[in-house]
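*Asks:* The following block contains a protein sequence and its predicted model.
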Amino acid sequence: MKKIFTFVAAALLMAAPALFTSCDDDPYWYDGDGPMVNPNGGNDNDDSYAYDEAEVLQGEWDGTMVYINGDNGQRSSFYANMTFVRNNSDAIKGTGTEIDYTLDSNGKIDHQNDPLKFNWNIDEQTGDIYIKYTNTDNKSTFVMDASASQYGFSLNENAGSFSGYMLGTSNNDMIYIDLKRVQNREAKSLTRATTSTPRFFGSSTVTPVAFGKQNLTTRR
């Protein structure tokens, strides 16, 4: 794995972990690839909001992750590589792999956890991203809220950045990610066509979480 990534620690979390609550309802898993509704109005299939969001999301991302245990507030900071694969060229759902690791003083991979596998989908009504880990003990599911004013996410095609909060729907855990797109030929080939206007999804501002001392965590 190619790895040179620099993270600048930013502001501390604005609220105590005890305030994080899980969603009340189970996530909506999209099972078809038919017409999709644009949250901004209209029903335009190929040009839909959800399709564009999935197209920008697909590919490989690498950066930092802070995992916060919702029961005791314990934080684990480490690096993460996440790859999102669509089920087909028109899908707004798919599969993915996450690899968590730490770096030594020379920027080389020091320790690495076994890959985590997940399924993901985008809610065609809201643009929310759901991520369900499939090889953890509890099959934990997290949601990234596109309209949240405080704990939302930012997916920026032009900047090649993906940051924000993954909130547990089946537990009170929370994950903060700050990732950059990994540029490679495969990622470029996944994009159907270059758009004239860079696409952006989620919130324009995301409050960062400080990256602490590196330590890997075992997912529950």
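*Replies:* Happy to help now that I have it.
*Asks:* Which helix or strand in this structure has the lowest average pLDDT?
*Replies:* Ranked by mean pLDDT, DSSP states H and E, the weakest helix or strand in the chain is helix 185-189, scoring a mean of 48.
*Asks:* Tell me the first helix or strand C-terminal of that helix.
*Replies:* Note on helix 185-189: by DSSP states H and E, the next helix or strand toward the C-terminus is strand 200-202.
*Asks:* Which residue ranges of this protein form strands?
*Replies:* 59-68, 75-86, 93-103, 109-112, 116-122, 129-133, 141-144, 153-156, 161-168, 174-181, 200-202 (DSSP state E).
*Asks:* mind checking which of the ones you listed is nearest residue 212?
*Replies:* Closest of those to residue 212 is strand 75-86, at 4.4 Å (criterion: CB to CB). C-beta: built from backbone N, CA, C; applies to glycine.
*Asks:* quick one, longest helix in this structure?
*Replies:* Across the chain, the helix with the greatest residue count (assigned by DSSP state H) is helix 49-57.
*Asks:* name the helices or strands packed onto that helix?
*Replies:* Using 3 or more CB pairs under 8 Å, 6 or more residues apart in numbering; DSSP states H and E as the contact criterion, the neighbours of helix 49-57 among helices and strands are strand 116-122, strand 153-156, strand 200-202.
*Asks:* same thing but 6 Å
*Replies:* If you count contacts as 3 or more CB pairs under 6 Å, 6 or more residues apart in numbering; DSSP states H and E, helix 49-57 packs onto strand 116-122.
*Asks:* in this structure, which ranges drop under the pLDDT threshold?
*Replies:* Counting by pLDDT under 70, the ranges of the chain that qualify are 1-47, 184-196.
*Asks:* now do 50
*Replies:* Within the chain, the stretches with pLDDT under 50 are 1-47, 185-193.
*Asks:* So which residues make contact with stretch 164-180?
*Replies:* Residues from elsewhere that reach stretch 164-180, judged by CB atoms under 6 Å, 6 or more residues apart in numbering: 20, 22-23, 27, 61, 63-70, 140-144, 151-154, 160-163, 206, 209.
*Asks:* Please list only the buried members of the residues you listed.
*Replies:* The neighbour-count test (16 or more other CB atoms under 10 Å) applied to the contacts of stretch 164-180 identifies 20, 22-23, 27, 61, 63-70, 140-144, 151-154, 160-163, 206, 209 as buried.
*Asks:* List the beta-bridge partners for the residue nearest to residue 142 when sequence neighbours are not counted.
*Replies:* Here the nearest residue to residue 142 in space, its sequence neighbours aside, is residue 166; by CB to CB, 6 or more residues apart in numbering that works out to 3.8 Å. According to DSSP bridges, residue 175 are recorded as the beta-bridge partners of residue 166.
*Asks:* Ok, residue 93 next?
*Replies:* Residues in beta-bridge contact with residue 93 (DSSP bridges): residue 121.
*Asks:* isn't it right up against residue 123?
*Replies:* No - contact status for residue 93 versus residue 123: not in contact, 10.1 Å apart, counting by CB atoms under 6 Å.
*Asks:* can you pull the contacts of residue 144?
*Replies:* 129, 153, 164, 166.
*Asks:* Could you export those residues to a markdown table, including columns for distance to residue 116?
*Replies:* Written out in a markdown table, the entries for these read as follows (distance: CB to CB, whole Å):
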| residue | distance to residue 116 |
| --- | --- |
| 129 | 16 |
| 153 | 19 |
| 164 | 18 |
| 166 | 12 |
